[in-house]
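Visitor: Sharing a model that was predicted from the sequence below.
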Amino acid sequence: MNKYLSGAAVAAISFAFVSEAAATEWNVSVWGKRRAFTEHVEKLAELVSEKTNGEFTMNISYGGLSKNRENLDGISIGAFEMAQFCAGYHRDKNRVITVLELPFLGVENLEQEVAVSSAVYAHPAATEEMAQWNAKLLMTSPMPQYNIVGTGEPRDELAEFDGMRVRATGGLGEAFKAVGGVPTSVTATEAYQAMEGGVVDTVAFAQHAHLSFGTINQADWWTANLNPGTVNCPVVVNIDAYESLSDAEREALDSSVSEALDHYLANYGELLKRWDTVLEEKGVQKVDIAPEVIEEFRTKAADPIRDQWIKDMEAQGLPGQELYDLVVTTLEEAKGGS
């Protein structure tokens, strides 16, 4: 009898071990707090868990695993399985996707931003560059065109941008620099302190970030229609972790991306509908920039920065012109279908 019970106990322990080993748990590194910018990550985790009956779960950490500028490094060494980062944080590590941060591309809405990002992410040059960091591009974090908040009198003339210290990364920073601005690339989580301490005069963000990081609370005004561009912030997964998934787990993950993005777009749409009310509640003046000022900005920033970007990429052996053309043609198709 003792021998029989002993065998049963061993079998039970073995079964428990196998069951535990079969479950897959991923750590996901993001930053700040849960907000519109992270809703697709949250939805992805929810969908994957549902589709696998809880056998594949994701633990989403807001700053507990890594600093935002170090998320790609963390992915490369397998410190966690999934992460979000922004191209402007380390442009030398993700040169290909910076094409999506060129100023005045003409993207009009989040659906178009998803289309152009997806096209670039699928390009072999993007795949190869990310593979150097053991990273696979999974999905974008589409954001509307950035606009700036500031204190004091509104800056609604291009001459007033001269000497303006602005928190702006990537191509946006280059655009403001082209008209005399002084860009600084402090991270999103540092923007409030930079504004409060007078390190910057203005901050360029999408609407959700002005809310989430508190810069709207310091603002006297907000540019409603400057729309110089946006930043590109992918969600990536560690290639080794992705390839280690079972077929069912990989299918659950891949099939959930479009659903997660749809949820993100719907959620962000609701935020945009409330934006004017937010400005009114916080006493922030809505500033409309004159069309001729925007056109002057575009003339000074768009063409020179684009041409230099293409030249720089080609010099590094990357298909700069091809990537830019891909964005243009994809955007034309997206606009034709909208």
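Guide: Cool, got the structure.
Visitor: I'd like the average pLDDT over stretch 95-104.
Guide: What stretch 95-104 shows for mean pLDDT is 96.
Visitor: Backbone dihedrals for residue 165, please?
Guide: Dihedral pair for residue 165: phi -90, psi 110, per degrees, to the nearest 10.
Visitor: I figured it hits residue 197, correct?
Guide: No - at 11.3 Å, residue 165 does not count as touching residue 197 under the criterion of CB atoms under 8 Å. Bear in mind the C-beta positions are built from the backbone N, C-alpha and C, glycine included.
Visitor: Mind checking which of these two has more residues around it?
Guide: Taking neighbours as other CB atoms under 10 Å, residue 165 and residue 197 compare with residue 165 leading, 19 against 9.
Visitor: Strands along the stretch 151-300 of the chain, start to end?
Guide: 165-167, 182-184, 202-205, 221-223, 235-238, 285-287 (DSSP state E, counting those that start in this stretch).
Visitor: pull the longest helix from this protein.
Guide: helix 247-282 (DSSP state H).
Visitor: In it, which residues are buried?
Guide: Using 16 or more other CB atoms under 10 Å as the test for burial, helix 247-282 gives 249, 252-253, 256-257, 260-261, 263-265, 267-268, 271, 275, 279.
Visitor: Average pLDDT for that helix, rounded please.
Guide: On average, helix 247-282 scores 96.
Visitor: Can you work out which other helices and strands pack against that helix?
Guide: Counting by 3 or more CB pairs under 8 Å, 6 or more residues apart in numbering; DSSP states H and E, the packing neighbours recorded for helix 247-282 are helix 39-51, strand 56-62, helix 110-121, strand 135-139, helix 207-212, strand 285-287.
Visitor: Pick out the shakiest of the ones you listed, pLDDT-wise.
Guide: Of all the helices and strands packed on helix 247-282, helix 207-212 has the smallest average pLDDT, which comes to a mean of 91.
Visitor: by contact count, what packs against it?
Guide: helix 247-282.
Visitor: For this structure, which helix or strand comes out least confident on mean pLDDT?
Guide: Lowest by mean pLDDT, DSSP states H and E among the helices and strands of the chain is helix 2-22, with a mean of 49.
Visitor: Name every strand pairing with the next helix or strand along the chain from it and say which way it goes.
Guide: Downstream of helix 2-22, the first helix or strand assigned by DSSP states H and E is strand 24-30. In the sheet, strand 24-30 lines up against strand 56-62 (parallel), strand 82-84 (parallel) (DSSP bridges).
Visitor: which residues touch stretch 280-289?
Guide: Identification of contacts with stretch 280-289 by CB atoms under 8 Å, 6 or more residues apart in numbering yields 149, 154, 156, 216-217, 219-226, 276, 279.
Visitor: 10 Å instead?
Guide: With contacts defined as CB atoms under 10 Å, 6 or more residues apart in numbering, stretch 280-289 is touched by 147-150, 153-158, 210-211, 216-227, 274-276, 278-279, 294, 297.
Visitor: Can I have the buried ones of those residues as a PyMOL selection?
Guide: Buried members of those, defined by 16+ other CB under 10 Å, are picked up in PyMOL with:
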select buried, resi 147+148+149+150+154+155+158+210+211+216+218+219+221+222+223+226+227+275+279+294+297
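Visitor: Enumerate the beta-bridge partners assigned to residue 184.
Guide: Going by DSSP bridges, residue 184 forms beta bridges with residue 167.
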